[in-house]
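1. pasting the sequence and the predicted model now:
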Amino acid sequence: MPIKASTNINMDRAQTTYTYEKVEEIAKFLLAKPGVKPPKIGIICGTGLGGLADTLVDKVDVEYKDIPSFPISTVKGHAGKLVFGNIGKTPVVCMKGRFHMYEGYSMSQVTLPVRVMKLMGIKVLCATNAAGNLNKNFQVGDLMIIKDHIFFPALGGFNPLVGPNDPRFGPRFHGLSDLYSRELKAVAEKVGKELNITLREGVYAMNAGPSFESVAECKMMIAVGADVVGMSTCPEAVVAAHAGLKVFGMSLLTNDCILDYSFGPASHHEQVLSVGESRGDDVKKFFLNFIKAIPDSTLED
Ligand SMILES: O=P(O)(O)O[C@@H]1C[C@H](O)[C@@H](CO)O1
């Protein structure tokens with residue numbers, strides 16, 4: 001008897017897209033929740049970095065599973081909820097958990113929350129992540145402002161903007177030479193100095209994952225100018241910039257990438273979680289002060 005091919009659920013998920021009307025419906029659903037104020041800033045919390053969301057004042061939590069058409073988090077270290085609240089006088093929304101390409105989600109699913117947050121009113125997107133260190137001058141535990149990125153999946157055709165373009169989301173063609181806001185980078189540098197927190201600056205490379213990089217891949221990434229490597233952030237940054245948002249990105253260096261064959265097999269996820277835990281307080285302290293230092297004019301239309 002011939003073997004029947006089974007339905008590939010991942011392939012179904014990988015093709016999911018959202019119309020403007022659907023994104024608008026989700027935004028309206030969230031804005032109608034009691035206690036939710038239209039946020040000015042969206043913050044994506046990377047692996048193990050969700051603690052920032054717990055510090056918001058006048059919090060309203062909405063679980064991803066309770067939001068119509070929203071994906072759910074499947075990765076340890078990503079709680080799976082939106083947390084609305086205030087930092088100082090600024091209403092913000094934190095994603096406590098993001099979606100990754102390696103979970104089987106389509107680029108539209110990975111970036112859906114950015115479009116939802118845009119339609120809820122954000123002007124600035126802050127994306128944090130855990131990343132592996134490739135730069136011999138950096139160390140595990142360092143915080144790095146992302147000054148640019150290398151979006152490897154997009155160079156291979158997995159760009160979230162591939163497909164029909166609805167101009168209500170942004171233009172068909174969009175340049176990325178000023179993707180990470182220089183204005184926000186300057187604010188961050190000033191805040192880092194005031195708090196005496198050392199902030200590195202560098203280039204983030206995205207590997208689709210979930211495999212960590214081979215030794216040869218790490219060497220190739222260093223050769224093309226990457227300082228750190230992770231499995232997220234680039235899709236969200238591109239969709240945010242396409243939508244006219246100002247983007248700020250920060251990596252926590254949770255592990256050194258393996259550049260030596262004598263090292264043996266390594267999977268870094270447990271280390272990622274423990275470094276996230278041990279450096280979480282500085283990440284929180286930085287963002288609480290950074291958000292307060294963003295000028296009001298940056299958050300206006
Ligand atoms: O969501 P981020 O980019 O912070 O998560 C990183 C990449 C993988 O999801 C995971 C690997 O440990 O951490």
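-> Received, thanks.

2. residues in the stretch 51-200 of the chain within reach of the ligand, list them.
-> 75, 98, 100, 129-130 (CB under 6 Å from any ligand atom). In short, each C-beta sits where N, CA and C put it, glycine included.

3. what's the spacing between residue 242 and residue 167?
-> Going from residue 242 to residue 167 by CB to CB, to the nearest Å gives 11 Å.

4. which one of those two is surrounded by more residues?
-> residue 242 (23 against 8; other CB atoms under 10 Å).

5. can you report phi and psi for the closest residue to that one other than its chain neighbours?
-> Leaving aside its chain neighbours, residue 242 sits nearest to residue 170 (3.7 Å; criterion: CB to CB, 6 or more residues apart in numbering). Phi and psi for residue 170, reported as degrees, to the nearest 10, are phi 160, psi 180.

6. check residue 170 and give its pLDDT.
-> For residue 170, the model assigns a pLDDT of 97.

7. what about it, how many neighbours?
-> Residue 170 has 20 neighbours, counted by other CB under 10 Å.

8. now do residue 71
-> Using other CB under 10 Å, residue 71 has 23 neighbouring residues.

9. again with residue 135
-> Count around residue 135 with other CB under 10 Å applied: 18.

10. how much space between it and residue 257?
-> Counting by CB to CB - residue 135 and residue 257 are separated by 10 Å.

11. so where's the longest helix in this protein?
-> helix 269-293 (DSSP state H).

12. other SSEs contacting that one?
-> Judged by 3 or more CB pairs under 8 Å, 6 or more residues apart in numbering; DSSP states H and E, helix 269-293 is in contact with helix 51-54, strand 81-87, strand 90-96, strand 124-133, strand 143-151, helix 182-195, strand 246-256.

13. quick one on the thing from earlier: and the residue nearest to residue 242, how far from residue 160?
-> Residue 170 is 11 Å from residue 160, by CB to CB.

14. between the two, what contacts are shared?
-> Residues touching both residue 170 and residue 160 by CB atoms under 8 Å, 6 or more residues apart in numbering: none at all.

15. residue contacts, the residue in the chain positioned nearest to the ligand?
-> Of all residues in the chain, residue 46 sits closest to the ligand, at 2.8 Å by CB to the nearest ligand atom. The contact partners of residue 46, by CB under 8 Å, 6+ apart, come to 98, 127-130, 230, 232-233, 251-252, 276.

16. then residue 198?
-> Residues in contact with residue 198 (CB under 8 Å, 6+ apart) are 142-143, 192.

17. do residue 35 as well
-> Contacts of residue 35 by CB under 8 Å, 6+ apart are 58, 60, 84.

18. most neighbours, which of those?
-> residue 84 (24 neighbours).

19. gap between residue 20 and residue 238?
-> Counting by CB to CB, the separation of residue 20 from residue 238 is 18 Å.

20. the two - which one has more neighbours?
-> When residue 20 and residue 238 are compared for neighbours, residue 238 comes out ahead with 24 against 13, by other CB under 10 Å.

21. my guess is the more buried one is in a helix, correct?
-> Yes - remark: residue 238 belongs to a helix, assigned using DSSP: H, G, I helix; E, B strand; the rest coil.

22. surely it touches residue 158?
-> No - judged on CB atoms under 8 Å, residue 238 makes no contact with residue 158 at a distance of 10.9 Å.

23. PyMOL command for the buried members of the residues of the stretch 51-200 of the chain next to the ligand?
-> Of those, the buried ones go into a single PyMOL selection, burial set by 16 or more other CB atoms under 10 Å:
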select buried, resi 75+98+100+129+130
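
24. what's the neighbour count on the closest residue to residue 147 other than its chain neighbours?
-> Closest residue to residue 147 in three dimensions, ignoring its sequence neighbours and counting by CB to CB, 6+ apart: residue 201, at 5.0 Å. Number of residues near residue 201 (other CB under 10 Å) recorded here: 14.

25. go on, residue 90?
-> Residue 90: 17 surrounding residues under other CB under 10 Å.

26. same deal with residue 267?
-> Residue 267 - counted by other CB under 10 Å - has 11 other residues nearby.

27. likewise for residue 281?
-> 10.

28. ok, now which ones touch it?
-> Each residue near residue 281 by CB under 8 Å, 6+ apart is listed here: residue 51.

29. report pLDDT for it.
-> Residue 281 carries a pLDDT value of 92.

30. so residue 109 makes contact with residue 71?
-> Yes - counting by CB under 8 Å, residue 109 does reach residue 71; the two are 4.8 Å apart.

31. so what sits against both of these two?
-> Joint contacts of residue 109 and residue 71 (CB under 8 Å, 6+ apart) are residue 99.

32. can you add distance to residue 299, pLDDT and neighbour count and give the contacts of residue 198 back as JSON lines?
-> What follows is these, written out as JSON lines (distance: CB to CB, whole Å; pLDDT from 0 to 100; neighbours: other CB atoms under 10 Å):
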{"residue": "142", "distance to residue 299": "28", "pLDDT": "97", "neighbour count": "21"}
{"residue": "143", "distance to residue 299": "23", "pLDDT": "97", "neighbour count": "20"}
{"residue": "192", "distance to residue 299": "21", "pLDDT": "97", "neighbour count": "18"}
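
33. right, I'll leave it there.
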